[in-house]
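Asks: Sequence plus predicted model, see below.
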Protein chains: 2
Amino acid sequence: MSITGQLLIGQSSVQGTNAEIWSINAATGEKLPPAFAGATPDDLEHACALADAAFDTYRETSLNDRAVFLETIAKHILALGDELIERCMTETGLPRGRIEGERARTIGQLSLFASVVRDGGFIDARIDSALPQRTPLPRADIRLRKVAIGPVAVFGACNFPLAFSVAGGDTASALAAGCPVIVKAHSAHPGTSELVGQAIQKSVRDCNLPAGVFSLIYDCGLTIGQTLVADHRIKAVGFTGSRSGGVALMNIAAAREEPIPVYAEMSAINPVVLLPQALTERGTDIARDFIGSLTLSAGQFCTNPGLVLAIDSPALAAFERAASVAIGSVTAATMLTPSIHTSYCEGVERLSSHPSVELLGKGQAGGLFQGQAALFATTATAFMAHTTLREEVFGSSSLIVRCPDESTLLEVLKSLEGQLSIAVHVSNNDHPALGRLLPTLEKKAGRVLLNGFGTGVEVCHAMVHGGPFPATSDTRTTAVGSLAIHRFLRPVTYQDFPQHLLPPTLQDHNSYGISRRVNGVIQPS
Amino acid sequence: MSITGQLLIGQSSVQGTNAEIWSINAATGEKLPPAFAGATPDDLEHACALADAAFDTYRETSLNDRAVFLETIAKHILALGDELIERCMTETGLPRGRIEGERARTIGQLSLFASVVRDGGFIDARIDSALPQRTPLPRADIRLRKVAIGPVAVFGACNFPLAFSVAGGDTASALAAGCPVIVKAHSAHPGTSELVGQAIQKSVRDCNLPAGVFSLIYDCGLTIGQTLVADHRIKAVGFTGSRSGGVALMNIAAAREEPIPVYAEMSAINPVVLLPQALTERGTDIARDFIGSLTLSAGQFCTNPGLVLAIDSPALAAFERAASVAIGSVTAATMLTPSIHTSYCEGVERLSSHPSVELLGKGQAGGLFQGQAALFATTATAFMAHTTLREEVFGSSSLIVRCPDESTLLEVLKSLEGQLSIAVHVSNNDHPALGRLLPTLEKKAGRVLLNGFGTGVEVCHAMVHGGPFPATSDTRTTAVGSLAIHRFLRPVTYQDFPQHLLPPTLQDHNSYGISRRVNGVIQPS
């Protein structure tokens, strides 16, 4: 494979002719050739037409064929070898260990969805048998399956160049559901995107699938992405990025002649709640782990712990001192893009200059485009009074809110917007307090975790990486884990069909051997 | 029970002080006392505050307690006896058999959701066990359940005064999910609404549930309903009604600080496709059944067959003649409200006066507020050219579109908006043609049925009463059947929780004995 700067439209590589984007060395700001010329409306039209044409064939591929396709993508991504790792490191400034780990996660995610497809439970197959003798009216033979929703537009994330970009969670779950995918590459890592795109393109060919199952486009601005979301052939959208970007796509999708679902994962400050006994018993250890979580990958995680809530006490003061010491030895790290670095510096400056905010400590200063970690504190009163203090600062900055008592802490929690995760540190004596907070925690976040931090989102069956707005645009689902496939499905009923016209998953024979609900009772696979 | 005209706010009956609505005798247009004075913003505030306060307790009721509550509602509705039946007949103009059948459906629906709650499968409980020895990183203990989304606003339907109104499908599924419900009664049957509301209010009391689990309000206009949808404590909306009404609520929900899901079931013309051999073999029988389905309950069903697609042929001409004869003997029937009757007459007049539309037959003329059935025909060319021909005419009017060939018929299908149901009449030799149409049928409707009509929506596990916009606002779900409970749920992950702080459905012990997915494998109940 080599990086050409071309769009991937179905099985073709196409030279874009719109304004170009450049791959940037995150550490130096230098341009890396080649240029990636943007897609034109004609390119987009071609990609949408191909996706639409591929849909009926692709969505009815056998469960095994679709699983093999996902596994083939994983194989071809791995085969990109060090070229992918190095390009990705250069474009993002992230270190090798992180990129290799993210590749493993990306491949594991594709494998998980392959197993989800083979399992077939996602189809939610249901059969209610005919009751011809029922009075006063007979019952028809009624069968239900979930079908793929249609071609999906995916917007790659800046902060996960592999696991939430071209072959990331949104793409994997949409392809698993049976949906063709058109990816709009994030402009922060176009070279990485093209390499991974080539791996998918090759997999489509290897598996003899219709060309339109996958396309990859670039755009230097917003127009092409917005046109993509507005296209009548697109039936759902996956997005990871800023709140303003996500809300813009939500508005476009809602204003279409046929509104469609948007799954935007946007903005969270992921509160960490420190309960009194945990703080007393383990405050220093928690402080060390907290600074570790806060500064991992320069704090560029959507689950980064941007807010700490605790009851004011000597134990909290000790925690603050330990955290200040720990952050002091954190080296600065190159951020994903120069503009993210600029935004981070502005966010830190906003807190630094706020009259109600106290600077507790900073990490080591760094060079060009490197983020310097920062830890602040404020009072509950100030936090409740100034909404600016609850805005996400994307990077390794966090704010401790000192609450006079538990009821104030609960008030602060209730005042927050929706979150991806809330972490609570507890010891045994804190359990009653946790019980009192739990109903609020469940309502505010998609994931509540104890004695840990939200960074490190396991890709598994029981994971929710989601939450109420503005954490995401749709609290009914998750962006990580096997449940994510349900974002791209809709149910259809087949009434009084002869066996041979039913899809295999609904035929009496059940040739795939999937789990089904028959007359209300689950029949396991 | 007696009809008082009062709002039901939690356990209180409250005299509204806003502009009043009147119960109208559908057959005569006469007012039936008492007046139903509208809710004020203060009344609404009170209902929302109570619902919010009830939520945390109600959503954690045991599965059995919640099932018993639904069964108690059913029991108290039945206990209303003939007072309910007669009031409902008077307010809607629908005959006794229909209302008694609808009451049976309403009670059956509550019983179905009671069984769904006891089954517990809707919780989608998942457990991924901790893997402390895993390298490079251990896995935490991760558990997922679906929780109730929050208080729900339900807008009663005009055409189903029982099964889709105060204790109808939306209310039953929201209560089953663990959500308090505030119903805005449809102004076409306020007396029926109050009686049923009293039955729910009494059930809340009998089951010792928090008062705010249920409230019922009236409003003579749109303001209070819109304020309800905009209230920050409301987390989802169920609506059955017009396209304009549904879209208005969608827009309000999308513009909130925290956007929320709206489940609006709005507009469909439910195409009936007659394939050639079926038409040749059974055209006359199909024509008779078609007119029966079209004119049932004066055609006031959302699944009413408003469009017939067939290939022009002598068999189609014979079908048209038989249908024209059949419709000629259909007696006019009182429509739900004078304004629905007016709209129906306007819709029929719009078709009658259209230069490309031919009148095939009419039912018998009727008296005041009675709908006269009507059957029209046009060509595929005209249908494709005039979008006005595809607008829903709510009532017993249908339009036959004569297509020159199968590919034109497919074109017409592809040009349609989303539908609740599509019925196809086939004989064995038509199966290949059905196979060619099926991918389009699946994309256009929530339910595809053979050799029948969409009217008669079975309440069961495999039913989808849904479909792409504008049939509904959200194609990912259904308004009828057990799957409807998922509209009012969202997933939450619990990570590294001690057993006693987990909800019972996620504890190892599994005291409710529900089906769960453990390390990816379904463990049946």
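Replies: Received, thanks.

Asks: quick one: the helices in the stretch 301-450 of chain A?
Replies: Assigned by DSSP state H, counting those that start in this stretch, the stretch 301-450 of chain A shows helices spanning A:314-328, A:338-352, A:380-385, A:406-415, A:431-444.

Asks: Quick one, which of these gets closest to chain B.
Replies: helix A:431-444 (4.3 Å; C-beta to the nearest C-beta). All C-beta atoms are positioned from the backbone trio N, CA, C, and that covers glycine.

Asks: what's that closest one in contact with?
Replies: Outside helix A:431-444, the residues within contact range by C-beta atoms under 8 Å, 6 or more residues apart in numbering or on different chains are A:273, A:275-276, A:406, A:409-410, A:413-414, A:416, A:418-419, A:422, A:424, A:426, A:448, A:450, A:467-468, B:56, B:147, B:150, B:492, B:498, B:500-501.

Asks: want to throw the helices of the stretch 301-450 of chain A into CSV with distance to residue B:140, mean pLDDT and mean neighbour count?
Replies: Formatted as CSV, the helices of the stretch 301-450 of chain A follow (distance: least, C-beta to C-beta, whole Å; pLDDT from 0 to 100; neighbours: other C-beta atoms under 10 Å in any protein chain shown):
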stretch, distance to residue B:140, mean pLDDT, mean neighbour count
helix A:314-328, 23, 98, 18
helix A:338-352, 29, 96, 17
helix A:380-385, 29, 98, 17
helix A:406-415, 22, 98, 16
helix A:431-444, 17, 98, 18
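
Asks: Show the buried residues in the contacts of helix A:431-444.
Replies: Buried by 16 or more other C-beta atoms under 10 Å in any protein chain shown: A:273, A:275-276, A:409-410, A:413, A:416, A:418-419, A:422, A:424, A:426, A:448, A:450, A:467-468, B:56, B:147, B:150, B:492, B:501, out of the contacts of helix A:431-444.

Asks: Show me the contacts of helix A:431-444 that map onto strands.
Replies: A:273, A:419, A:422, A:424, A:448, A:450, B:147, B:492 (DSSP state E).

Asks: and the two most separated of these?
Replies: Farthest-apart pair in the ones in strands among the contacts of helix A:431-444 is A:273 and B:147; separation 19.1 Å (C-beta to C-beta).

Asks: re earlier: would you reformat the helices of the stretch 301-450 of chain A as a markdown table and include distance to residue A:104?
Replies: What follows is the helices of the stretch 301-450 of chain A, written out as a markdown table (distance: least, C-beta to C-beta, whole Å):
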| stretch | distance to residue A:104 |
| --- | --- |
| helix A:314-328 | 28 |
| helix A:338-352 | 24 |
| helix A:380-385 | 39 |
| helix A:406-415 | 35 |
| helix A:431-444 | 31 |
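
Asks: what about those helices, which gets the closest to residue A:73?
Replies: Residue A:73 sits nearest to helix A:338-352 of all the helices of the stretch 301-450 of chain A, at 28.2 Å, using C-beta to C-beta.

Asks: Just give me how far the closest one sits from the chain centre.
Replies: Its chain's average C-alpha position is 23 Å from that of helix A:338-352, according to C-alpha atoms, centre = their mean, to the nearest Å.

Asks: Tabulate the CA atom coordinates of it in PDB.
Replies: Below are the C-alpha coordinates for helix A:338-352, written out as PDB (Å, rounded to 0.1, in the frame of the first residue of the first chain):
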ATOM      1  CA  PRO A 338      -2.000  22.600  16.500                       C
ATOM      2  CA  SER A 339      -5.600  23.900  16.700                       C
ATOM      3  CA  ILE A 340      -6.400  21.400  19.500                       C
ATOM      4  CA  HIS A 341      -3.300  22.700  21.300                       C
ATOM      5  CA  THR A 342      -4.500  26.300  20.900                       C
ATOM      6  CA  SER A 343      -8.000  25.400  22.200                       C
ATOM      7  CA  TYR A 344      -6.400  23.600  25.200                       C
ATOM      8  CA  CYS A 345      -4.300  26.600  26.000                       C
ATOM      9  CA  GLU A 346      -7.300  28.900  25.800                       C
ATOM     10  CA  GLY A 347      -9.300  26.600  28.100                       C
ATOM     11  CA  VAL A 348      -6.500  26.500  30.700                       C
ATOM     12  CA  GLU A 349      -6.200  30.300  30.500                       C
ATOM     13  CA  ARG A 350      -9.900  30.600  31.000                       C
ATOM     14  CA  LEU A 351      -9.700  28.700  34.300                       C
ATOM     15  CA  SER A 352      -6.400  30.300  35.300                       C
END
